[in-house]
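Trainee: Let me see the structure of the following:
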Amino acid sequence: MRDEPRPKSHDSSAGTLGAFQRRGEVIKPAELIEVRGGEKITLAARRIYNQLLSNAFGPEMAAEGQEYRIPFSELRGNHTSNDRVTEAILSLMQTVVRVRMSDGSTRNVHLLGPTDVEKFGPGIATMLTYELHPKLLPILRDSQIFARLEMQILHGFGTKYGMALYEIIAKRIGLKHVFYNDFETDELRDYLGVPHGKLGPFAALRRKAIEPAVAEVNALAPFSCRVDTIETQGRKVTRLRLSWWLKTVEEKKAQWEAQQGKQANLLVDQAPEVTLWDP
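Mentor: Just a heads-up that it's a prediction; the model follows:
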């Protein structure tokens, strides 16, 4: 079946690269959100790729030979080692994904181009220099549709399925009078990044990927969502409906209070034990 053209959300007359990216935000071209072939990309790699896109974003993002630099400290977060960052970068360089274009055609492309690591003196690497893959540049240049992602929300996800679902909805949340999208089950499975051969039965897919993803999005995002079965063939679930809606003021308040409670519990758990001395 031929892919249908993408729906338009956050459509900029100046193109995606002409949009204004606010501080703490990632403007991600729609073509890089719903991709196939990225099942080996880990949660850390997905998060780091979004950081690389945010760091590179601007009118010159699609220029050939353009290099970008970012400190390793920004990519590794609270970790003291660069091992996870290095693994993620290599994974992004090696991964070929199938991108759906705005006209319905597809293109196979690497997510990341050449990289260099700089060390200022002995010890841990301090700076990453990178390029976007040349085959990716025309996609960025022609992109008209994008999602606005909040970096703080991206850092809150504990599963790659939740992050992928957040991006899928963020691409559509600006659409007027559109509150759901239907997917073939295998299509949504690929977009979430479920590894081939894993979670084959729908019950396993729902329990291990879909339900945790929905729960994370509902806990972290300014919108809520649900996934329902809308078509079956015999006992096989063949089509799903993803629905979304903006949270009310009361829901946002409850969400904020729940997040504050988690932070308070985390601080209590991490607090050192103090033994009082009684003379």
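Trainee: When you work out contacts or count neighbours from here on, use the C-alpha atoms and nothing else.
Mentor: Will do.
Trainee: List the contacts of P201.
Mentor: When the contact criterion is C-alpha atoms under 8 Å, 6 or more residues apart in numbering, P201 has no partners at all.
Trainee: Would you mind measuring from it to R235?
Mentor: Distance from P201 to R235, counting by C-alpha to C-alpha, to the nearest Å: 10 Å.
Trainee: same deal with I48?
Mentor: Computed as C-alpha to C-alpha, the I48 to R235 distance reads 39 Å.
Trainee: okay, the two: which has more neighbours?
Mentor: When I48 and R235 are compared on other C-alpha atoms under 10 Å, the one with more neighbours turns out to be I48, at 22 against 7.
Trainee: Helix or strand: which one has the more buried one?
Mentor: Assessed by DSSP states H and E, I48 sits inside helix 43-56.
Trainee: mind checking how far that helix is from the chain centre?
Mentor: In this view, helix 43-56 has its centroid 8 Å away from the chain centroid, taken as C-alpha atoms, centre = their mean, to the nearest Å.
Trainee: That one - what's its average pLDDT?
Mentor: Mean pLDDT, helix 43-56: 96.
Trainee: again with stretch 175-184
Mentor: Averaged across stretch 175-184, pLDDT comes to 93.
Trainee: Over to stretch 233-242?
Mentor: Averaging pLDDT along stretch 233-242 yields 96.
Trainee: repeat for stretch 258-265
Mentor: Mean predicted confidence for stretch 258-265 is 67.
Trainee: Distance of G77 relative to E131?
Mentor: Taking C-alpha to C-alpha, one finds G77 at 22 Å from E131.
Trainee: So between those two, which is more surrounded?
Mentor: Neighbours of G77 and E131, each counted by other C-alpha under 10 Å, are more numerous for E131; the result is 20 against 13.
Trainee: How about the contacts made by E60?
Mentor: Q66 are the contacts of E60 under C-alpha under 8 Å, 6+ apart.
Trainee: Just the pLDDT for it.
Mentor: In the prediction, the pLDDT value recorded for E60 is 87.
Trainee: got the phi/psi numbers for it?
Mentor: Its backbone dihedrals place E60 at phi -90, psi 10, with angles given as degrees, to the nearest 10.
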